[in-house]
Every structure is written in C-alpha cells, then in structure tokens.
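Engineer: sequence? don't have it. structure:
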Ligand SMILES: Cc1cc2nc3c(=O)[nH]c(=O)nc-3n(C[C@H](O)[C@H](O)[C@H](O)COP(=O)(O)OP(=O)(O)OC[C@H]3O[C@@H](n4cnc5c(N)ncnc54)[C@H](O)[C@@H]3O)c2cc1C
C-alpha cells in the first residue's frame, strides 16, 4: 500500500500533505501479484496476498484479490503505538513473524515502494527468515523440479539466478504488465476471504518493532527552473543550444 | 568509532561512485577527529582471483584516499555478484573492525544494484539502522555513539526527507554524483602526507549456510563498450519519440560526438528497443551527469526522478507542452528528425 505519488502534494512545516488521502497498490507489488498469478495458472497452487498497515491497506488487498489472488491477510497496525513512524525494519520484523509460521513455495515482494523507494524490506525478511533471496527480478521461470530461475537486473547486465525453492524474490515492474481487474474479478473479490490479524496474534510486541530511523522533516526538493525554450526552427534552435553548451564548457 | 566503506571489484577498476563515498567518509572522519573523536576509516575490498590481489596496489590506491585499514576478502565467489558472499565478507570485516560490535560504526557504500541487493539483509544481520539511496549524509557524534543524518528523495523525487538514525551501527547507501572525489588523490601514490601507512589485512569469509546460496547460471551483458551511465559526464537519452532505426542512428551519432553514454526511457526499454540496463528513472538508474540530453521523452515524474541531480538538461520534443520542458535548462521544440541532424552538425563544427 502506498500513497498515490502522482497526486498533488505540498510540504507545510516539515510535513507532507497529500491533497487526497488515497492508498494505491504499489506498482512493484502489483508485478509480484501478477507473477504469482501467472505461476498459479501454469502449475496450480494458491496465491495469498499479505499487507501490513492501517485500515485502508485492506483496499489494496481487495485490488489484489480482484486481480485473482485467492485470499488475503491484513496485519493491521491500526491503533498500534508508533505505527505511523514504522520503517522498513519494523515491517520486516512483523512480516518475518508472520511468514515464520507459514508454508510457502516462494515469497514475492515489490523491489521497492513507489513512495519511499527504499528497497530494503524484501532482503530484510529473507535474512530474518534465513531463506535465499534474489532482488530486482525482471523475469521468472520455473524448472520441472520446482526450482525458480530468476532473471535479475544487476550492475553488469541481467543475471540468471538459480534461486532454488522456498526463496524470496523482489520484483521490478519491468517483469510484466499487471492485469487490470475486470468487473467479474471485482465482484468475486468481495466474497474472497480477508483475514485480519493483529500484532499480538503474531506474538509481536509493538516495543520490539519500533523504527531504527526517524524522518525528522519533509523538505522541498531544490526545484529545477524551467530554462530557455527555443522554437524558431530546427536549424536555428539547434545552433543556439549547441552554442550555449559550448559556452558552458559542456561539449567535451 | 569505525567508518567502513565497501568496495566490490569485478572489472578491475574502482568505480567513481565508490570513490565519491570514500571521499565523503574521509572528510567526515577528519572533521570528527579534529573534534576530539577517534575515527578510523576502513575499506572492505571484495575481489575475485588471488592473482588480482596486489597489496602494494591497494595500499597506494586506497592510501591516497586516506583509508586507514583495508580488509581484503579475496574469493572466487566475487567473480560475479553473490549476495551471500558479500554479506559474509562485510559481516566478518565488521566484527573484526569493531571488536565484535563493541565500537559504534558507520558502513557506507555507493548505491549500485549490487549494494541495493544486500543493504536490507546486511542491516538486519548487524542489527543496524539503515538509510538507502541518500543524496546527502553527515554524522553527529553523541556520547560514545553516532547518529547519521541524511537527506533522501521520496515520492518519485517530488519531495525529500531528512532522516536520522538511532542504532549503534548505521548503514547508508549513497546516490552516484552526490559528492566529488578527492581529485588530488588521483594518481598519487602511497597515501596523503599526513597519513600513517595503510594496514592491510586478509580476511577469510565463512561461506555460512549453503542453503542460502543462490547460483548465477548465466549473465546476459550488453555490449562491452557501452559507457557506464553512472560514470558518464554526458548522457543522451532516447524516449518513445525515437521510433525507428533512423532515429536510433541519430541518437548513436549524437552520443558518439559527445562521448556520451546512451540511456532510454521505460517506453523504449520495455519495447526491447534499448537494453533494459540503460533505463533511467525510478525503476531504472539514477544518474547525475553534467549534461543530459532527453530526446523524444515526455518527462513523466518516474523518468525525471532519475535525473534531478543532473547539471544541465537539454530536451528535444515536438510537443511544446511536454513536462520535460519544465525541468530542462534548454528546450528545443521540434521534430527530432530535423533537430538532431542540425544539432550534430553544429556540435561537430564547434568542436572543430
Ligand atoms: C512505478 C513506475 C516506475 C517507472 N519507472 C520508470 C523509469 O525508471 N524510467 C522511465 O523512463 N519511466 C518509468 N516509468 C514510466 C513513466 O511513467 C512513463 O510512462 C515513461 O517514462 C514514458 O516514456 P517516454 O517519455 O519515452 O514516452 P511518452 O510519454 O510516450 O513520450 C514520448 C514523447 O516523445 C515526443 N515525440 C514523439 N515523436 C517525436 C519526434 N519525432 N520528435 C520529437 N519528439 C517526439 C512526444 O511529444 C512525447 O512527449 C515508471 C512508471 C511507474 C508507474
């Protein structure tokens, strides 16, 4: 669940104020859901979507159910002390407490969230669970023996990684085009099970998941000024800009 | 306290982004030392082949950057990116450098794909506070400990947050282009004059739990001669307006005469027209060149998020209302098929 980064926003006295308090399904998570659905269509099984967050996180779980997930688990932080300031570390500990008691073939995470871009939670959870992981996946195939072959975007190119089974994979939105829920899916999603768990259901104390980082303020990003715009014809404009670059020592 | 800098070496040379973080680490350590703190700057070098390992070379290169101590993990597993091997190396070096975590520490590294892959897991393993992908960071000493203060862009670079950490051990990854490198260190041998000779220690990495290992089967690399976008001074980036081979050839020619790296918007990497590794933006790379020329790119926030630290942006777009013009220093409203040939000719003329 993330706020809609395309929506208008302002910063007032160090706080971020969104004009609309709307939560959307994180694009990178949506790619994870899509990939899980594709695997299920090929090999069978069930897709369970899990989210930790306040009451409105349930809306995004419904969206994933409408895409085709079988059931959802909402680990609610509504009313939990300090939940508004939770960081990746807090969420990872909560998720690890949950998954530690579950059985799964693989865990899909978004590679980052669209609002913070931190990209930490996935590998944190893998470390806490003691399972192998691959991040920044752009493609997944499954071998006959059930092993996951993951294509990830690395520094030196695309790495094809044998991740075995029981692994955690963080997904890039370059992996697929998440399906848009159809009316039928939306209707069906309303009847699908959505279990709500509290932190105490998981045996987690709020005190143990307090954040290790704090946002002290939101600040404006130094705005880039729109500069000069030329529209006198290709040759003339190109000539002017080339000259300006030359004057600024940029034609190396 | 101990500052630890992570250096992974695959192709032989040290990446500029890594040297930027090192230079920042040295400056922060000096400032704290001048204030009566005792700060040591260490580097963990993870490199493959033993043949590559040359103590004198690292002592000279890293000594010039004011590194006090090098922990060298030389292992076959560093031939390719391997998250468990990297985690094990940093964990081992960290334990030794900090006397089994007795001394507070800051672990700083360049925000590469390799680092993004391990950062979360590493912080969980060390019980550290972690701040990813910052554009600025500083350190405040408090009692025997330290706090990191950092600035990081959020909301697709429409805002930024000031962040502070609370744990005894702190980790940070830094966007390329956030800091300069120590120019005077370049080419200088044997360390800066007022620096002790650098100590180099070999560490053996415990491969740990084999069930955590993943195995690279194959690497699909783009052409070897392409310019690394994180290092490029100039980038020419193509967007959906670049529709055919003619336009691609114009992009290539412009890039060649500027000695520029070629990037692309998601529209083109998704369509398979450019290699996925050159995507620039929120999903792709964050770059900070001196000059960025966006051709046929509309300027969606997710694309612009990757170029906000660029010095000069030039946009070529036939739509006068394209949002890219709001961030461009110089905009040319026109058809790229007409603008680029004139632009290339003019640049060639000016460069003589
Ligand atoms: C979570 C998320 C992450 C994303 N990450 C990224 C990312 O990392 N990088 C990225 O680029 N995008 C990213 N996107 C996608 C982004 O939102 C845009 O869809 C994308 O950047 C559009 O690419 P474009 O500007 O090339 O294409 P368009 O938006 O289609 O723009 C094409 C432009 O070309 C111009 N044009 C066409 N023909 C000509 C011509 N002959 N001469 C001159 N101009 C011409 C048009 O006027 C238009 O402005 C992301 C989206 C999401 C949701």
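Structural biologist: Yes, it's here. Small disclaimer: the values here were computed from a predicted structure and weren't measured. Numbers count the residues shown, from 1 in each chain, chains lettered A, B, ... in the order given.
Engineer: pretty sure residue A:122 contacts residue B:120?
Structural biologist: Yes - shown here, residue A:122 and residue B:120 form a contact pair, counting by Cβ atoms under 8 Å, at 6.5 Å. C-betas here are computed from N, CA, C, even on glycine.
Engineer: which other helices and strands contact the longest helix along chain A?
Structural biologist: For chain A, the helix with the greatest residue count under DSSP state H is helix A:27-43. The helices and strands touching helix A:27-43, judged by 3 or more Cβ pairs under 8 Å, 6 or more residues apart in numbering or on different chains; DSSP states H and E, are helix A:57-67, strand A:106-110, strand A:133-142, strand A:167-171.
Engineer: and the following helix or strand past the third one, does that touch chain B?
Structural biologist: Once the chain leaves strand A:133-142, the next helix or strand it forms, by DSSP states H and E, is strand A:148-153. Yes - contact between strand A:148-153 and chain B, assessed by Cβ under 8 Å from any Cβ of the partner chain, occurs at A:149, A:150, A:151, A:153.
Engineer: among these, which one sits closest to residue B:183?
Structural biologist: residue A:153 (32.0 Å; Cβ to Cβ).
Engineer: the helices in the chain, which residues?
Structural biologist: Using chain A here. According to DSSP H, the helices that chain A contains are A:27-43, A:57-67, A:88-99, A:121-129, A:183-189, A:234-247.
Engineer: you looked at the wrong chain, it should be chain B
Structural biologist: Using DSSP H, helices in chain B cover B:16-34, B:55-63, B:83-97, B:113-126, B:245-258, B:266-270, B:301-304, B:336-351.
Engineer: contacts for the first one next, please.
Structural biologist: By Cβ atoms under 8 Å, 6 or more residues apart in numbering or on different chains, the residues outside helix B:16-34 that reach it are B:1, B:3, B:5, B:7, B:39-41, B:43, B:62, B:65-67, B:106, B:108-112, B:137-139, B:141, B:174, B:176-182, B:185, B:230-231.
Engineer: can you rerun that using 6 Å?
Structural biologist: For helix B:16-34, contacts defined as Cβ atoms under 6 Å, 6 or more residues apart in numbering or on different chains pick out B:3, B:5, B:7, B:39, B:41, B:65-66, B:108, B:110, B:139, B:141, B:174, B:176, B:179, B:181-182, B:230-231.
Engineer: in stretch B:231-243, what counts as buried?
Structural biologist: B:232, B:234, B:235, B:236, B:237, B:238, B:239, B:240, B:241, B:242 (16 or more other Cβ atoms under 10 Å in any protein chain shown).
Engineer: what number of residues lie near the residue lying closest to the fourth one once chain neighbours are set aside?
Structural biologist: By that I understand residue B:236. Spatial nearest neighbour of residue B:236, chain neighbours left out: residue B:255 (4.3 Å); criterion: Cβ to Cβ, 6 or more residues apart in numbering or on different chains. Residues contacting residue B:255 under the criterion other Cβ atoms under 10 Å in any protein chain shown number 22.
Engineer: the ligand versus residue B:255, what's the distance?
Structural biologist: 17 Å (Cβ to the nearest ligand atom, to the nearest Å).
Engineer: what does the model give that residue for pLDDT?
Structural biologist: The model reports residue B:255 with a pLDDT of 97.
Engineer: and if you look at residue B:191?
Structural biologist: 41.
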